[in-house]
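Participant: For reference, the sequence and a predicted model appear below.
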Amino acid sequence: MSYVYGVDVGGTSVKIGLFSGEGELIEKWSIPTNTDNNGEAILPDIASSIDAKSKEKGISDSEILGVGLGLPGPVDDRGIIRKAVNLHWNDTFNVEEKLAACFDGRLKVKAGNDANVAALGEAWMGAGKGYKNIVMVTLGTGIGGGVIINGQIVTGTRGAAGEIGHIYTGTDTEEPCNCGNRGCLEQFASATGIVRLLKEELENNPDEASEMRNKPLDSKNMWEAVKNGDELSIRVAERFGKYLGTGLSVVAGVLNPEIIIIGGGVSMSGDVIMPYITKNFREHVFHASGDTIFTRATLGNDGGIYGAAALLI
Ligand SMILES: [Zn+2]
């Protein structure tokens, strides 16, 4: 029997999954992320949690294929991470070597950027199973992107390939994006971006009735309102779709993927979001990419641990 651990490291918690070598999720759990003292305890905490689980299950080191890590920052092919703001990591270091050292070199470690790793998870056991050329966009607080070509994650020179959220939309915003630029895709098409568009529509049309005037302004409520036929919310959905669909048509122009997977919190609102994206995509994309398949992610919040485990498979 062989096993592999997949670890999804976030700013508040670390999710860990124990998988069989065939990709069956045997058990998952989480531990808090300790960001004190520049997050120095994060890797040792992961190592001791994994060692404790192996001991509990009677799994020996020789049965473990390795430990995969998904991290909220750019990670290159060699395992070098440059910065992970959410983890309070400010240095450039080799995260694979550092975690391997926590295991005294007993276990193999592979690391990747969390959005890239989530794409790999969907490719391995989710919506992208059976496809070789995949683009995944994760619509959450920001927008993450992951690109798989010929079954391999594309990391780029500094681990920053697939940063779809920071493609320039052509619309300048007053407020800067988290990256410091203005007019990035994630400022319009993330959950936060949807709220931005919603506020604009409400403020610019003070006399128009909308059910969003009496509800907390969030993406989930906005898509509910779209389903109910709320006209103001439908305009927000159209603007969201224009930014995202057009942005993805640019991505398809470069990569010509077989499938584009939409994940993250916004995708949980269901298929209602899809036509707004695909309509604009098909309008602008180069004809040879016109039949690109669109689908929603199927692994939900577990995509990260699946993908991290897949780094070892
Ligand atoms: Zn940006």
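Facilitator: Perfect, I can see it now.

Participant: okay, now residue 102: neighbour count?
Facilitator: Neighbour count of residue 102, defined by other C-beta atoms under 10 Å: 19. Using the backbone N, CA and C atoms, a C-beta is placed for each residue, glycine as well.

Participant: Residue 45 is in contact with that one, correct?
Facilitator: No - look at residue 102 against residue 45 with C-beta atoms under 8 Å: they stay out of range, at 9.1 Å.

Participant: gap between residue 14 and residue 86?
Facilitator: Counting by C-beta to C-beta, to the nearest Å, the separation of residue 14 from residue 86 is 12 Å.

Participant: higher neighbour count, those two?
Facilitator: Using other C-beta under 10 Å as the criterion, residue 14 and residue 86 rank with residue 14 on top: 23 against 16.

Participant: What parts of the chain come near the ion?
Facilitator: By the criterion of C-beta under 5 Å from the ion, the positions of the chain lying close to the ion are 166, 177, 179, 181, 184.

Participant: Without its sequence neighbours, what residue ends up closest to residue 26?
Facilitator: Here the nearest residue to residue 26 in space, its sequence neighbours aside, is residue 18; by C-beta to C-beta, 6 or more residues apart in numbering that works out to 4.7 Å.

Participant: strands paired with the helix or strand bottoming out on mean pLDDT in the chain, and their directions?
Facilitator: The element with the least model confidence among the helices and strands of the chain, by mean pLDDT, DSSP states H and E, is strand 152-153, at a mean of 92. The strands beside strand 152-153 in its sheet (DSSP bridges) come out as strand 143-149 (antiparallel).

Participant: Now do the helices in the stretch 1-150 of the chain.
Facilitator: 36-39, 42-57, 95-102, 114-125 (DSSP state H, counting those that start in this stretch).

Participant: helices and strands around the third one, which ones?
Facilitator: If you count contacts as 3 or more C-beta pairs under 8 Å, 6 or more residues apart in numbering; DSSP states H and E, helix 95-102 packs onto helix 42-57, strand 64-71, strand 109-113.

Participant: hey, C-alpha coordinates of it in PDB?
Facilitator: Taking only C-alpha atoms (Å, rounded to 0.1, in the frame of the first residue of the first chain), the coordinates of helix 95-102 have been written out as PDB:
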ATOM      1  CA  VAL A  95      10.300  25.600   1.100                       C
ATOM      2  CA  GLU A  96      10.700  22.000  -0.100                       C
ATOM      3  CA  GLU A  97      14.100  21.700   1.500                       C
ATOM      4  CA  LYS A  98      12.900  23.400   4.700                       C
ATOM      5  CA  LEU A  99       9.900  21.100   5.200                       C
ATOM      6  CA  ALA A 100      12.000  18.000   4.200                       C
ATOM      7  CA  ALA A 101      14.500  19.000   7.000                       C
ATOM      8  CA  CYS A 102      11.600  19.100   9.500                       C
END
